[in-house]
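> this is the structure alone, sequence omitted:
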């Protein structure tokens, strides 16, 4: 019995000794790769990594201390679980510090952050700690129970979860710009604690934008989805935020503001959309890009800023404006919409370029100095570019009749005007002469009557007496 007890004690101390040696075993790797189908477990070990861990099979760290150093090419180190792989962390601490290759002494002043990347694979974490690291989850299955995650204000995200089934409880996330960001799926969270995070969590969803031409029913390619906050564009990404939990732990719901922009070079399409996004969403929008719907109407001719009525002639060298309403019922905004003046079907006389907004009508003028004589077809035309580039450009036009006086008409008109003016002048002169003559005669008659003197009256009486005396002498001679 005594011998049996001695043997048992020796066996026990041997196991303890071997266990102690195992717990203190150190492994150093430049890169650690777990092949597809390989299963490897580290228990009670210290692992020093100068590179990346690539997991295609299954890798387990239990009661381990894992130090991730700066990579040989000075890039960010990764612990990457590739599609189909699995990583298990049980009672394990992952951190970073750099060691001296000569002495093996830790130099804790040099920190090199790293990323744990899950790509279509599995991750299981239990009662572990991750310092100076970030967890990036993409299309995986993750279960976390008990985790301290501390970024020491050196990394933006604590956990970035994209299209991942994430179940987490008893997790402390500290010192990140954003503690948890979830896109595409709702994580199952319980007892999550945040400390010193500018934003604790956001829930976001994917956007799929499907534009169609409503005149053809065909899809339109080349659109850019722009996101706005008030009047400021904040990005062109294809996800939208449902809500965020701010640094104080309050939930703030978000309204998404979008514009759908298509560059056509000669113009553009820019349509606004606003709403709440609460799940992965496909936004279907129909656009009116039928360039043949643009029209010209209601033509008016102005000459020297006055409306030229039907039948009236315009003076040569006068300033003529052809005014027309341009109607654009489409979703296309035109940078330079050119209106070309047409005289007898010919262009080259005058052009006006305008900015034509979508779903808008405006009146505009094309000016011309009347340098051509006679009757003419007078109008404007515009060439509408087909956005599809199929060389089916569309020409629109509108006409009015215009007659510009010739030089002979202007001279005749001028001569007639002078003749009429001379006749009026002659008539006025004649009237003035007649009026003046009548007044002169009245003045003379009045002066003859009113201004006769006594001497004139006496002279006239003496003359009468002489006549009477002569008659008496004649009568006496007859009697003798």
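That came through fine. All values reported here derive from a predicted model rather than from experimental measurement.

> list the contacts for the residue most central in space within the chain?
Using C-alpha atoms, centre = their mean, the residue of the chain that lies closest to the mean C-alpha position is residue 270, 6.1 Å off. Contacts for residue 270 (C-beta atoms under 8 Å, 6 or more residues apart in numbering) come out as 259-262, 333. Using the backbone N, CA and C atoms, a C-beta is placed for each residue, glycine as well.

> please report how far the residue nearest to residue 357 when sequence neighbours are not counted lies from residue 209.
Of all residues not flanking residue 357 in the chain, residue 333 sits nearest, at 5.4 Å (C-beta to C-beta, 6 or more residues apart in numbering). Note on residue 333: its distance to residue 209, by C-beta to C-beta, to the nearest Å, is 19 Å.

> out of those two, which sits in the busier spot?
Using other C-beta atoms under 10 Å, the more surrounded residue of residue 333 and residue 209 is residue 333, with 19 against 16.

> surely the more buried one meets residue 267?
Yes. With contact defined as C-beta atoms under 8 Å, residue 333 reaches residue 267; the gap is 5.2 Å.

> please identify every residue contacting each of the two.
The contact sets of residue 333 and residue 267 do not overlap (C-beta under 8 Å, 6+ apart).

> residue boundaries of the strands in the stretch 301-450 of the chain?
All strands of the stretch 301-450 of the chain, identified by DSSP state E, counting those that start in this stretch, fall at 306-307, 319-328, 333-343, 351-356, 360-369, 374-384, 394-404.

> next one: the closest residue to residue 212 other than its chain neighbours, what pLDDT does it get?
Using C-beta to C-beta, 6+ apart and skipping residues adjacent in sequence, the residue nearest residue 212 is residue 286, 5.2 Å away. If you check residue 286, the pLDDT there is 96.

> ditto for residue 177
Residue 177 carries a pLDDT value of 97.

> surely it meets residue 197?
Yes. With contact defined as C-beta under 8 Å, residue 177 and residue 197 form a contacting pair (7.1 Å).

> just checking, which of the contacts of residue 270 belong to strands?
259-262, 333 (DSSP state E).

> let's have these in CSV, adding pLDDT.
Output for the ones in strands among the contacts of residue 270, formatted as CSV (pLDDT from 0 to 100):
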residue, pLDDT
259, 97
260, 97
261, 97
262, 97
333, 96
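
> list only buried entries from those.
Those of the ones in strands among the contacts of residue 270 that meet the buried threshold are 259-262, 333, by 16 or more other C-beta atoms under 10 Å.

> just the closest of these to residue 155, please.
residue 259 (32.4 Å; C-beta to C-beta).

> in what helix or strand does the residue nearest to the centre of the chain lie?
Taking DSSP states H and E as the definition, residue 270 sits inside strand 267-275.

> same thing with residue 128?
Using DSSP H and E, the element containing residue 128 is strand 122-131.

> ok, residues contacting the next helix-or-strand element following that strand?
Per DSSP H and E, the first helix or strand lying C-terminal to strand 122-131 is strand 133-138. Contact with strand 133-138 is made by 68, 94, 96, 113-120, 123, 149, 151, 155-164, 166, as judged by C-beta under 8 Å, 6+ apart.

> list the buried ones in strand 133-138?
When burial is assessed from 16+ other C-beta under 10 Å, strand 133-138 yields the following buried residues: 133-138.

> closest one of those residues to residue 384?
Residue 384 has its nearest neighbour among the buried residues of strand 133-138 in residue 138, at 46.8 Å by C-beta to C-beta.

> so what sits opposite that closest one in the bridge?
residue 119, residue 162 (DSSP bridges).

> tell me how far it lies from residue 198.
Distance from residue 138 to residue 198, by C-beta to C-beta: 24 Å.

> just want the angle from the longest strand seen in the chain to strand 267-275.
The longest strand of the chain (DSSP E) is strand 199-213. Here strand 199-213 points in a direction 130 degrees away from that of strand 267-275 (axes from the mean of the first three to the mean of the last three C-alpha atoms, to 10 degrees).

> just give me the closest of the ones in strands among the contacts of residue 270 to residue 292.
residue 333 (17.2 Å).

> give the contact list for the closest one.
267-270, 355-358.

> pLDDT weak spots in the protein?
1-24, 70-74, 98-110, 389-391, 407-424, 433, 436, 438-480 (pLDDT under 70).

> what segments of it are helices?
Ranges of helices within the chain are 2-23, 407-450, 454-479, based on DSSP state H.

> tell me where the stretch 101-250 of the chain has strands.
With DSSP E, counting those that start in this stretch as the criterion, the stretch 101-250 of the chain has strands spanning 106-107, 114-119, 122-131, 133-138, 141-150, 157-162, 165-174, 178-183, 188-195, 199-213, 224-229, 232-235, 239-246.

> out of those strands, flag the one nearest residue 378.
Per C-beta to C-beta, nearest to residue 378 of the strands of the stretch 101-250 of the chain: strand 199-213, 36.2 Å.

> report the angle between the closest one and strand 165-174.
Strand 199-213 runs at 140 degrees relative to strand 165-174, counting by the same axes, to 10 degrees.

> who does strand 199-213 touch, helix- and strand-wise?
Under the contact criterion of 3 or more C-beta pairs under 8 Å, 6 or more residues apart in numbering; DSSP states H and E, strand 199-213 touches strand 178-183, strand 188-195, strand 239-246, strand 256-263, strand 281-287.

> reformat the ones you listed into TSV and put distance to residue 293 next to each item.
Listed next are these as TSV, based on distance: least, C-beta to C-beta, whole Å:
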stretch	distance to residue 293
strand 178-183	40
strand 188-195	52
strand 239-246	33
strand 256-263	17
strand 281-287	13
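
> how close does the residue lying closest to residue 335 once chain neighbours are set aside get to residue 64?
Using C-beta to C-beta, 6+ apart and skipping the chain neighbours, the partner closest in space to residue 335 is residue 267 (5.5 Å). In this view, residue 267 and residue 64 are 63 Å apart by C-beta to C-beta.

> what's the answer for residue 286, then?
As defined by C-beta to C-beta, residue 286 lies at a distance of 58 Å from residue 64.

> higher neighbour count, those two?
Neighbour count, other C-beta under 10 Å: between residue 286 and residue 64, residue 64 has more, with 22 against 15.

> dump the residue contacts of that one.
Residue 64 makes contact with 42-47, 92-93, according to C-beta under 8 Å, 6+ apart.

> again, 6 Å this time
Neighbouring residues of residue 64 by C-beta atoms under 6 Å, 6 or more residues apart in numbering: 42, 45, 92.

> repeat that for residue 196.
Residue 196 makes contact with residue 175, according to C-beta under 6 Å, 6+ apart.

> what's the answer for residue 221, then?
Counting by C-beta under 6 Å, 6+ apart, residue 221 touches no other residue.

> the same query, at a cut-off of 10 Å, please.
211, 262 (C-beta atoms under 10 Å, 6 or more residues apart in numbering).

> and the gap between it and residue 262?
Counting by C-beta to C-beta, the gap from residue 221 to residue 262 is 9 Å.

> overlap in contacts of the two?
What both residue 221 and residue 262 touch, as defined by C-beta under 10 Å, 6+ apart, is the set residue 211.
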